[in-house]
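J.: Everything below, folded, please.
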Amino acid sequence: MRRNVSDHAEKKDKVGVEVLLELPKTLSKSNKKWQLALIKLYCSRTLLNCAKHAIRKPGLFPRSLSYTAIDLDNHHGDDHFKIDTETLNDLVKNKNQEKLESLGGPNGLVSALKTNTRLGINEEGDEIQRRRSTFGSNTYTRQPSKSLFYFVVEAFKDLTILILLGCATLSLGFGIKEHGLKEGWYDGGSIFVAVFLVVAVSAVSNFRQNRQFDKLSKVSSNIKIDVVRNGRRQEISIFDIVVGDIVCLNIGDQVPADGVFVEGHLLHVDESSMTGESDHVEVSLTGNTFLFSGTKIADGFGKMAVTSVGMNTAWGQMMSHISRDTNEQTPLQSRLDKLTSSIGKVGLLVAFLVLLVLLIRYFTGTTKDESGNREYNGKTTKSDEIVNAVVKMVAAAVTIIVVAIPEGLPLAVTLTLAYSMKRMMKDNAMVRKLSACETMGSATVICTDKTGTLTLNQMKVTDFWFGLESGKASSVSQKVVELFHQGVAMNTTGSVFKAKAGTEYEFSGSPTEKAILSWAVEEMEMDMEEVIEEHDVVHVEGFNSEKKRSGVLMKKKGDNTENNVVHWKGAAEKILAMCSTFYDGSGVVREMKEDDKIQFEKIIQSMAAKSLRCIAFAYSEDNEDIKKLKEEKLSLLGIIGIKDPCRPGVKKAVEDCQFAGVNIKMITGDNIFTARAIAVECGILTPEDEINSEAVLEGEEFRNYTQEERLEKVERIKVMARSSPFDKLLMVKCLKELGHVVAVTGDGTNDAPALKEADIGLSMGIQGTEVAKESSDIVILDDNFASVATVLKWGRCVYNNIQKFIQFQLTVNVAALVINFVAAVSAGDVPLTAVQLLWVNLIMDTLGALALATEKPTNDLMKKKPIGRVAPLITNIMWRNLLAQAFYQISVLLVLQFRGRSIFNVTEKVKNTLIFNTFVLCQVFNEFNARSLEKKNVFKGLHKNRLFIGIIVVTVVLQVVMVEFLKRFADTERLNLGQWGVCIAIAAASWPIGWLVKSVPVPERHFFSYLKWKKRS
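T.: This is a model prediction of the structure:
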């Protein structure tokens, strides 16, 4: 009995009993009874422990227990498993091979984790939750998001804001000293309120944008992983993986957790994300068996048993210390920064000149107060009055800088990018890099895949050829059927699952694999499990996008002879080239003569012409080398044709892109006949292109051209068949060299170089590997080309919205600077006060950005030619529009400045209020003009943009409040209905002016290019 009890349990129970048996003599009868009861409980627990260990010991026959025992021990979660969390963490982190061997190797580990290599975890009951509570969940602690307070502090770091706060403080101090607290706080207090309002709006906008990026980050990190549970291969979220899960790994997958390799072939892992080493690490049962979370599968396929998840992995700990950088500078933002800097310098110069003029006029006694008295009277003027006057002048000058510097431009870019990212998610496009949003609008060429992008990726075997005859599986000899069973069941990365009799089969793997497995099971009555159990795999050569084939070397179980059989499947013409014999329908092996080969090639061409993907199967029995698969003198078993229909709507999407001036090129691994048929069906190849022999070619031909030939012919190529990822990369480089802005779609690991090289990399969300997604800028979530066309439209919309806002803001900047400068030089006073200018700044910067940056894309955007790589940000059309509006506003407001009092017979303060009110209303009306840079009808689609209407209403309401109710805050006077009517009429005149101006033609060549040309000449 002692041998069956663990030392720990034995010592623990022995000590407990000894202590209990030493009964003190002073105990009362009732206490003695309780003590004896406890002794009985300890004894029963000890007996139960003995029984448990006796049953666990291998070789012992468990006897039926002749007693009923109550187990009072509170078992922890780890007691259910034969291994604890600490041991598991140490296993992979330290690559502890000795520990793994002591557990019985990978199979022993799988057993200790109460799982099964073939069936996976049993999901019954609360098994998944038990594992999660015992070993942890596959999530990691994220860095806390930046709070609203952080963005408020950042906004206060702006130098102009700090200067304004300084001016407000001085103004407040001198105002209270001169007029008392009741009357003296208005000037300084108003500036404070206005500054805080600007800061609050800016901080809230940036905070919301940061939250938006955090949400997108969570979506992008939610990777889907294939696991086996209850014998069924299924796709689950990476966050749902638990210790003990059997994970299926293929090329391009991310390893979702730490684990141990338990099954597979030729698995190579890219550990550069963890170690920085670029060399791929081989993982096998005989060598290194450890897999780290966060690494990528570079080649091969296999299964791993999960040992550690979440924060128990090195990847989890590393990711918890990394926060997503939302300060990414896009190319457009960089260009806008330069524009902002240039305008800021002009504003700084104007502000300095205004301050200089105001100071000279003040100290020379030219400046007079409202009563007409000189403000400065030499030594008789109090120092407090001088300082207060200078502070007001400095505040006015600084406010001119605030208005002049278009800090709303970066905000507009941020808003439009954040808005478009959110909307693009609804249109099945997830933006990974901000710059892609705007760059996509400039795209001139889209290089697209065929399978899954132009087609539905719903593959089905529709044609079947045994030898030179087409037929059904029922008409084929049993020998050929058996060979097909072997070739399909053993040479696949897919799987077949059937829960119970009467239920339908479930097929997993790539769409091609699923189509082949479905055909083999349903048409050829293949029992995949039976075939696998009867054979052993000796060597595997995984599918290669260069060779376009996969092979397996195998033998029957229990066969000790060297009768190894090799099976190949792959692109029909590639497999055909490896064959010297073929099986006919009756199972007779025939020699493949030249005429037969020509006949087979015609069969492949005829199938390809029907848009079928042609897959051939071949085999050979005399494979002597166990580490290399035979690649010649094989026997052709048959050819199947897989149909993958075109997506509905793809032809219209292709036509839309072509109409928008974007060239579509199809790059596919299929043969040239299938590629041509699909390209015609999708509208990529027109009847004219079919006559042109250079429109369709194979990757190898393109590869063999000289660089000069490639550059000369690449623009005429519409379809590239039998292409490798290297051919795709080569085409992208050639197109970029010719000045094109190139977008590329890709889904495989080998597409990563082309996706990175392209200006915009578009990976596929369903079929795309994690490596492809990480190399891309945008993930197309539904793998649909129509979504690519939508992304193009959104890209153009982003660029267009920012141009609208630039036109709107520069109009305000030019008008405000000229009015204040002319008024300061001529009259010694600025008509627009600091608070009023801050209000205008708020309208145009934040509210204007919100209104114009959130316009949705229209079909008109797809009627224009691409913008190109080096197109000017401010076009001739924009200069025409903004200069016309700015000239009108300056003219009207200067008339009001110098003749306003006499025309309307009002006081100086009412005149200044009229100028302020007219100026603001001009911007409100001009906001409508900015909705379209070229179209005369600026009201088209207005009813769909509720945000724009809402902002206009809010702006007008707030302006009424400013003028009518916040007189002291805004330094205004109430206006009567007639005066309001005049202000509205003057402002509304900007609509007909805008309509007339858009009739004026402008040259295509940019204005500034003439200046450059003159300098050169």
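J.: For Val954, give its distance to Thr846.
T.: Per Cβ to Cβ, to the nearest Å, Val954 is found 11 Å from Thr846. C-beta: built from backbone N, CA, C; applies to glycine.
J.: who's more crowded, the two?
T.: When Val954 and Thr846 are compared on other Cβ atoms under 10 Å, the one with more neighbours turns out to be Thr846, at 23 against 14.
J.: Check which helix or strand the closest residue to the more buried one other than its chain neighbours maps to.
T.: Using Cβ to Cβ, 6 or more residues apart in numbering and skipping the chain neighbours, the partner closest in space to Thr846 is Val201 (4.6 Å). Take DSSP states H and E as the rule and Val201 turns out to sit in helix 186-220.
J.: next helix or strand past that helix?
T.: strand 224-229.
J.: which other helices and strands contact that following strand?
T.: For strand 224-229, the helices and strands in contact under the criterion 3 or more Cβ pairs under 8 Å, 6 or more residues apart in numbering; DSSP states H and E are strand 232-237, strand 246-249.
J.: could the ones you listed be laid out in a markdown table, adding distance to Ile640 and mean pLDDT?
T.: Listed next are the helices and strands packed on strand 224-229 as a markdown table, based on distance: least, Cβ to Cβ, whole Å; pLDDT from 0 to 100:
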| stretch | distance to Ile640 | mean pLDDT |
| --- | --- | --- |
| strand 232-237 | 23 | 89 |
| strand 246-249 | 25 | 93 |
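J.: Mind putting those strands into TSV with distance to Ala298?
T.: Shown next, in TSV, are the helices and strands packed on strand 224-229 (distance: least, Cβ to Cβ, whole Å):
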stretch	distance to Ala298
strand 232-237	22
strand 246-249	11
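J.: winner for burial among the ones you listed?
T.: Each of the helices and strands packed on strand 224-229 was given a mean neighbour count from mean count of other Cβ atoms under 10 Å, and the largest, a mean of 25, is that of strand 246-249.
J.: If you count neighbours, what's buried in the next helix or strand after that one?
T.: Scanning forward in sequence from strand 246-249 by DSSP H and E, the next helix or strand is strand 258-270. Within strand 258-270, the residues that qualify as buried are Asp258, Gly259, Val260, Phe261, Val262, Glu263, Gly264, His265, Leu267, His268, Val269, Asp270, counting by 16 or more other Cβ atoms under 10 Å.
J.: What is the nearest of those to Gly120?
T.: Nearest to Gly120 out of the buried residues of strand 258-270 is Val262 (Cβ to Cβ; 10.9 Å).
J.: Local confidence estimate at that closest one?
T.: At Val262, the model reports a pLDDT of 93.
J.: same question, Lys12
T.: What the model reports as pLDDT for Lys12 is 41.
J.: what's the answer for Phe1007, then?
T.: Taken from the predicted model, the pLDDT recorded for Phe1007 is 60.
J.: before we move on, what about Leu266?
T.: As summarised for this prediction, Leu266 has a pLDDT of 81.
J.: And Val461, by the same measure?
T.: 92.
J.: Identify the bridge partners of it.
T.: Beta-bridge partners recorded for Val461 (DSSP bridges): Ile642.
J.: Verify the stated contact: Ile251 with Gly302.
T.: No - with the criterion set as Cβ atoms under 8 Å, Ile251 and Gly302 do not qualify as a contacting pair; they are 10.8 Å apart.
J.: Bridge partners for the closest residue to Lys736 other than its chain neighbours, pull those for me.
T.: With Cβ to Cβ, 6+ apart as the criterion, Lys736 has its nearest non-adjacent residue at 5.7 Å, and that residue is Val742. Counting by DSSP bridges, Val742 is bridged to Val445.
J.: burial count for Val742?
T.: 24.
J.: Contact partners for it?
T.: When the contact criterion is Cβ atoms under 8 Å, 6 or more residues apart in numbering, the partners of Val742 are Ala443, Thr444, Val445, Ile446, Cys447, Val732, Leu735, Lys736, Ala758, Asp759, Ile760.
J.: where's it relative to Glu533, distance?
T.: Here Val742 is placed at a distance of 50 Å from Glu533 (Cβ to Cβ).
J.: Ok, Gly981 next?
T.: 92 Å.
J.: and the closest residue to Leu634 other than its chain neighbours, bridged to which residues?
T.: If the residues on either side of it in the chain are set aside, Leu634 comes closest to Ala618, at 4.1 Å by Cβ to Cβ, 6+ apart. For Ala618, the beta-bridge partners under DSSP bridges are Trp568, Leu636.
J.: residues touching Ala618, list them.
T.: Listed by Cβ under 8 Å, 6+ apart, the contact set of Ala618 reads His567, Trp568, Lys569, Ile575, Met578, Cys579, Leu634, Ser635, Leu636, Leu637.
J.: could you redo those residues as TSV and give each row distance to Phe948?
T.: Written out in TSV, the entries for the contacts of Ala618 read as follows (distance: Cβ to Cβ, whole Å):
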residue	distance to Phe948
His567	64
Trp568	62
Lys569	58
Ile575	61
Met578	65
Cys579	67
Leu634	68
Ser635	71
Leu636	66
Leu637	66
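J.: Can I get those residues in a markdown table including neighbour count, pLDDT and distance to Pro687?
T.: Conversion of the contacts of Ala618 to a markdown table gives the following (neighbours: other Cβ atoms under 10 Å; pLDDT from 0 to 100; distance: Cβ to Cβ, whole Å):
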| residue | neighbour count | pLDDT | distance to Pro687 |
| --- | --- | --- | --- |
| His567 | 25 | 95 | 43 |
| Trp568 | 26 | 95 | 39 |
| Lys569 | 24 | 95 | 36 |
| Ile575 | 23 | 94 | 33 |
| Met578 | 19 | 94 | 37 |
| Cys579 | 22 | 94 | 37 |
| Leu634 | 27 | 93 | 40 |
| Ser635 | 18 | 94 | 42 |
| Leu636 | 28 | 94 | 36 |
| Leu637 | 25 | 93 | 39 |
